[in-house]
Structures are given as C-alpha cells and as structure tokens.
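Visitor: Make a model of this:
(one chain, ligands or ions: 1)
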Amino acid sequence: MTETSHDEAASFEADPFEQRWIVVSLILLIAFMVTVTIAGFALGFQVPGAESRVDPRTVADSPPWNEPGLRDLGGGEYAAYVISRQYLFDPRTITVPVGSSVTFYLTSIDVQHGFLLQNTNVNMQVVPGEVSRLTVDFDEAGEFDYICNEFCGAGHAAMFGSVIVEADEGGA
Ligand SMILES: [Cu+2]
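Guide: Numbering: from 1, shown residues only. Predicted coordinates for the structure are as follows:
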C-alpha cells in the first residue's frame with residue numbers, strides 16, 4: 001500500500017496551459033448564464049413554451065379555436081388564436097392598432113408547421129397537440145408578414161399571412 005502525502009491529495013495538478021483554458025471555459029459559462037438571465041428577466045426574451053395540450057382532431061371545434069382570430073382583452077392587449085393547417089393560417093390577416101400587445105396562440109390540426117413573424121423575434125414551432133404562445137408588442141405601424149418556416153408539404157410556400165398594425169388616427 002503506497003502512502004499519498006496530504007499535499008498531493010489536496011492539490012490539483014494540471015499543465016498551466018490547461019489551467020488557463022479551464023479558467024476561460026468557466027468565465028464563458030458564467031458569461032452565458034449572466035446573458036441568459038439578463039435576456040430572460042430584464043429584456044423579456046421568451047422561449048416559446050407548450051402553453052397547453054389539445055387534441056388536434058377536435059381542437060378546431062372547441063372554443064376558442066372554433067372561432068380563430070383576434071380577441072380584444074382591453075387596455076391595448078389582444079389575444080390572437082391562429083390555427084395552422086396544410087396550407088394556410090386561419091386567420092390570414094390580423095389587424096391591430098399601433099401600441100398593441102398581442103399574445104399569439106397557435107396550434108396545428110395536421111402536421112408540424114412553423115410561425116415566423118418577420119421583423120420581430122417571433123419564431124415558433126407549431127406542433128399538433130400543443131399550443132405555442134408568444135407575446136409581441138407592436139410599437140410601430142406597418143405590415144408584418146408571418147410565414148410557415150417548416151416544410152409541411154407541397155403547398156408549404158403558400159402558407160403565409162400578415163399582421164397589420166394601423167397607425168393611431170386619433171392623434172392624441
Ligand atoms: Cu406549414
């Protein structure tokens with residue numbers, strides 16, 4: 001039985017070059033954790049989450065999905081229920097006033113689709129059986145097209161729509 005000295009057991013021997021890289025990796029890890037924390041809590045970045053589960057065979061017949069479209073929740077807040085299927089988004093047009101905060105709820109009744117809202121950071125997968133949710137604040141008037149960005153079949157390229165953000169005509 002060989003005896004290990006106390007010093008040897010307690011100290012960590014590594015090449016100085018290797019030690020430097022271990023330190024660099026730890027700094028990077030900490031930097032990523034800080035970045036993700038700031039993005040999530042201070043800047044409001046959201047990861048599209050499965051809001052709830054639905055039955056893709058019956059979801060189109062049950063509220064609120066039996067009447068897809070916009071709901072005015074008051075105070076500039078809206079909910080938009082969008083059904084995705086080969087090869088269209090229902091509804092194809094969503095119109096809101098500038099300054100609106102719109103929470104999009106999407107589900108698919110057939111295959112997997114995508115929902116990319118151009119000129120925003122919204123990019124969600126739309127999975128049958130699940131509801132995807134993301135909130136967008138529309139601070140500028142304009143037209144924001146949404147497209148299916150997951151190949152879903154022969155008519156994939158025709159799968160698009162748009163959010164129209166209307167300028168405030170009242171001019172407060
Ligand atoms: Cu699609």
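Visitor: Just to be sure, Glu150 is in a strand?
Guide: No. Assignment of Glu150 by DSSP: H, G, I helix; E, B strand; the rest coil gives coil, placing it outside any strand.
Visitor: Now it: phi and psi?
Guide: Here is the backbone geometry of Glu150 (degrees, to the nearest 10): phi -130, psi 120.
Visitor: I'd guessed it sits against Gln112; true?
Guide: Yes. Assessed by CB atoms under 8 Å, Glu150 is found in contact with Gln112 at 5.8 Å. No exception for glycine: its C-beta is placed from N, CA and C like everyone else's.
Visitor: So for those two, which sits in the more crowded spot?
Guide: Glu150 (18 against 15; other CB atoms under 10 Å).
Visitor: And the residue nearest to that one when sequence neighbours are not counted, how close does it get to Tyr146?
Guide: With CB to CB, 6 or more residues apart in numbering as the criterion, Glu150 has its nearest non-adjacent residue at 3.6 Å, and that residue is Gly114. Distance, Gly114 to Tyr146, by CB to CB, to the nearest Å: 10 Å.
Visitor: do the same with Ala60
Guide: Using CB to CB, Ala60 is found at 19 Å from Tyr146.
Visitor: Comparing the two, which residue is more hemmed in?
Guide: Between Ala60 and Tyr146, counting by other CB under 10 Å, Tyr146 is the more crowded of the two (24 against 15).
Visitor: from the middle of its chain, how far away would the longest helix seen in the chain be?
Guide: Longest helix in the chain by number of residues (criterion: DSSP state H): helix 16-37. Per CA atoms, centre = their mean, to the nearest Å, the displacement of helix 16-37 from the mean C-alpha position of its chain is 28 Å.
Visitor: Identify all contacting residues around it.
Guide: If you take CB atoms under 8 Å, 6 or more residues apart in numbering as the criterion, helix 16-37 is touched by Ala14.
Visitor: same question for stretch 102-119, mean pLDDT?
Guide: For stretch 102-119, mean pLDDT is 95.
Visitor: Burial check on Leu134, number of neighbours?
Guide: Neighbours of Leu134 (other CB under 10 Å): 21.
Visitor: which parts of the strand or helix carrying it are buried?
Guide: Take DSSP states H and E as the rule and Leu134 turns out to sit in strand 130-138. Going by neighbour count (16 or more other CB atoms under 10 Å), the buried part of strand 130-138 is Glu130, Val131, Ser132, Arg133, Leu134, Val136, Phe138.
Visitor: same deal with stretch 25-44?
Guide: Buried, per 16+ other CB under 10 Å, within stretch 25-44: nothing.
Visitor: chain center to that stretch, what's the gap?
Guide: 18 Å.
Visitor: How about stretch 39-48?
Guide: On CA atoms, centre = their mean, the centre of stretch 39-48 falls 10 Å from that of its chain.
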